[in-house]
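Chemist: coordinates only, sequence not included:
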């Protein structure tokens, strides 16, 4: 990223091709771990001129936590029949006022979100966000284990007889991704 008071240029590689675009300002939205790069790895951002010492200190002192997602695909949006109009379900701390306590075995799996978008879709997507605590073990956990925990959470929220077999599953592993 080359920048001045009047112009900003962003240069990057896409495959073997170099690309460049410019503007009067640059808004950079990347994970803190990417900003912490020293320029010695693919994916690191190099600022020219370098960011001010105050900004560099702020970036390097910034902590970050692991947050990942899992996406499960179903043929039918079974949750819409159970809770019409709802698109998000959150696990609430058991010490808070809550309407449904799901137990202590869901400390990291906290949200389920309907991200299908279209009412006439052919497949329906439930997104699970997991964060908090020591999630690094999930980076190496077998995908089947994460999938089963997601199904268990859905069964606790919607009832075990109502959750059909998913037709697809994918999870992120941003804590071990060198570009995240």
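Modeler: Happy to help now that I have it. Keep in mind it's a predicted model, so treat the numbers as computed, not measured.
Chemist: now the helices for this structure?
Modeler: Using DSSP state H, the helices found in the chain span residues 32-35, 53-61, 78-82, 143-158.
Chemist: any chance of those in a markdown table, with mean pLDDT too?
Modeler: Converted to a markdown table, the helices of the chain look like this (pLDDT from 0 to 100):
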| stretch | mean pLDDT |
| --- | --- |
| helix 32-35 | 77 |
| helix 53-61 | 87 |
| helix 78-82 | 87 |
| helix 143-158 | 87 |
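Chemist: the ones you listed: which one's closest to residue 117?
Modeler: helix 78-82 (12.7 Å; CB to CB). The way it works is simple: take the backbone N, C-alpha and C, and place the C-beta from them, glycine included.
Chemist: which other residues reach the closest one?
Modeler: 86, 114, 126, 158-159, 162-164 (CB atoms under 8 Å, 6 or more residues apart in numbering).
Chemist: select only the buried ones of those residues in PyMOL?
Modeler: The PyMOL command for the buried members of those (criterion: 16 or more other CB atoms under 10 Å) is given here:
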select buried, resi 114+126+158+163
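Chemist: just put the contacts of helix 78-82 in a markdown table and tack on distance to residue 146.
Modeler: Formatted as a markdown table, the contacts of helix 78-82 follow (distance: CB to CB, whole Å):
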| residue | distance to residue 146 |
| --- | --- |
| 86 | 24 |
| 114 | 19 |
| 126 | 14 |
| 158 | 19 |
| 159 | 21 |
| 162 | 21 |
| 163 | 16 |
| 164 | 19 |
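Chemist: between the contacts of helix 78-82, which is closest to residue 177?
Modeler: Within these, the smallest distance to residue 177 is 22.5 Å, found for residue 126 (CB to CB).
Chemist: check contacts around the nearest residue to the closest one once chain neighbours are set aside.
Modeler: Excluding its sequence neighbours, the residue lying closest to residue 126 (CB to CB, 6 or more residues apart in numbering) is residue 72, at 4.8 Å. Residue 72 makes contacts with 125-128, 147, 150-151, 154, 166, 168-169, as judged by CB under 8 Å, 6+ apart.
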